[in-house]
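Participant: next comes the sequence, and after it the predicted model I'd like to discuss.
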Amino acid sequence: MKIREVMRPGPFTVHESDTLGTAHATMKRSRIRHLPVVAGGRIVGMLSERDVLAARAHQTEVDWWSITVHDAMSSPVQTAGPDASLTEIAGRMAASKIGALPIVERGKLLGIATVTDVLAAEVRSAMTPPPASQATAVDAMTAYPFTISPDALLFDAVARMVDHHVRHLPVVDSTATVVGMVSETDVRTTVGDPLAFISDRPRSSVQFRVRDVMSRPAVVVPFDRPLVEVARQFADGKISAVPVVDKFGALLGIVSYVDALRVLAG
């Protein structure tokens, strides 16, 4: 399957001289999380929801609105051609941990392919002959993930995420039952840039607890759930990682959209 069959044609774009206020309004109105950035008729970057959150965390409510897209976008930007295979795109997204790729031909922007689009296509592919993939959640998960208690300081959770280069921490109680999830997005929404948060503030001065910011109720999957169904959850629910539990509900691991892409893409 070619990526041209999966991409969203004629994507919304934003000019590098536009303000984040304009870009944010477009994202909310259109319910999208990525905007290709253009200048002089070509793509010069990509603006994601994470980029907007990072900019907001360092400015006042008024100031962040007037920041130019150029100052907040991710650059250089990766692109792909319309005849690239779905497997190739899935592999690139998994390897680079990126959420969207602009599709370009002869310098012209044709569309955009997001992780949601690719996962949905992989699910459809796996559910048509030949027989669906037999991979399950346990085949793709990272076993024994780092975790945190709901009563722990948010500072300690962020330090653990930064130190171990992870974007999600399952929150577990004393029985190893998953009660929530802390993501990098939760952190950025609450305190801004994770590294700056743990670098600039004394641990004793931070009062947030994990339970104050974690996402709940916990969305978990059983270890034997088919991976195509897990991927469908990512695509339909717009979530990027879920804890994997055993038949008693105890945490076994965590599976992310990157893990699902890697296994489904073969």
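Facilitator: Here it is on my side, so go on. Numbering: from 1, shown residues only.

Participant: nearest spatial neighbour of A120, skipping sequence neighbours?
Facilitator: Using C-beta to C-beta, 6 or more residues apart in numbering and skipping the chain neighbours, the partner closest in space to A120 is A235 (4.3 Å). Any C-beta I mention is one placed from the backbone N, CA and C, and that applies to glycine too.

Participant: the helix or strand harbouring that neighbour: what's the following helix or strand?
Facilitator: Per DSSP states H and E: A235 is located in helix 227-237. Following helix 227-237 in sequence order, the next helix or strand is strand 241-245 (DSSP H and E).

Participant: name the helices or strands packed onto the strand or helix carrying E88?
Facilitator: Element membership for E88, per DSSP H and E: helix 86-96. For helix 86-96, the packing partners by 3 or more C-beta pairs under 8 Å, 6 or more residues apart in numbering; DSSP states H and E come out as strand 100-105, helix 115-126, helix 257-264.

Participant: out of the ones you listed, nearest to L169?
Facilitator: L169 lies closest to helix 257-264 among these, at 16.0 Å (C-beta to C-beta).

Participant: show me the strands in this protein, by range?
Facilitator: Remark: strands assigned in the chain by DSSP state E are 8-9, 14-15, 34-39, 42-48, 100-105, 108-114, 142-143, 168-172, 178-183, 221-222, 241-245, 251-256.

Participant: so what's G99 up against?
Facilitator: For G99, the contact set (C-beta atoms under 8 Å, 6 or more residues apart in numbering) comprises 33-34, 48, 93, 114-115.

Participant: where does it fall, phi/psi-wise?
Facilitator: phi -100, psi -10 (degrees, to the nearest 10).

Participant: and the gap between it and A72?
Facilitator: G99 sits 16 Å away from A72, taking C-beta to C-beta, to the nearest Å as the criterion.

Participant: ok, now which ones touch P150?
Facilitator: Neighbours of P150 in contact, by C-beta under 8 Å, 6+ apart: 171, 173, 179-180, 209-211, 214.

Participant: ramachandran coordinates for it?
Facilitator: Torsion angles, degrees, to the nearest 10, at P150: phi -60, psi -20.

Participant: if we can go back for a sec, nearest to Y144, out of the helices and strands packed on helix 86-96?
Facilitator: So among the helices and strands packed on helix 86-96, helix 257-264 is nearest, using C-beta to C-beta, at 14.4 Å.

Participant: in that closest one, which residues are buried?
Facilitator: For helix 257-264, the neighbour count (16 or more other C-beta atoms under 10 Å) marks 257-264 as buried.

Participant: kindly reformat these as a markdown table containing distance to V162.
Facilitator: As requested, the buried residues of helix 257-264 are exported to a markdown table (distance: C-beta to C-beta, whole Å):
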| residue | distance to V162 |
| --- | --- |
| Y257 | 21 |
| V258 | 19 |
| D259 | 21 |
| A260 | 25 |
| L261 | 24 |
| R262 | 24 |
| V263 | 27 |
| L264 | 29 |
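
Participant: from those, which is closest to R106?
Facilitator: L261 (27.7 Å).

Participant: roughly how far apart are the closest one and S183?
Facilitator: 18 Å.

Participant: could you pull up the mean pLDDT of stretch 160-167?
Facilitator: For stretch 160-167, the mean per-residue pLDDT is 90.

Participant: actually stretch 249-262, sorry about that
Facilitator: Mean pLDDT, stretch 249-262: 88.

Participant: what distance separates it from the centre of its chain?
Facilitator: 14 Å (C-alpha atoms, centre = their mean, to the nearest Å).

Participant: neighbouring contacts of that stretch?
Facilitator: 90-91, 93-94, 97, 115, 118-119, 122, 137-138, 140-145, 147, 167-168, 170, 172, 175-178, 220-221, 223, 227, 230-231, 234, 240-246.

Participant: start to end distance for it?
Facilitator: End-to-end span of stretch 249-262 (C-alpha to C-alpha, to the nearest Å): 26 Å.
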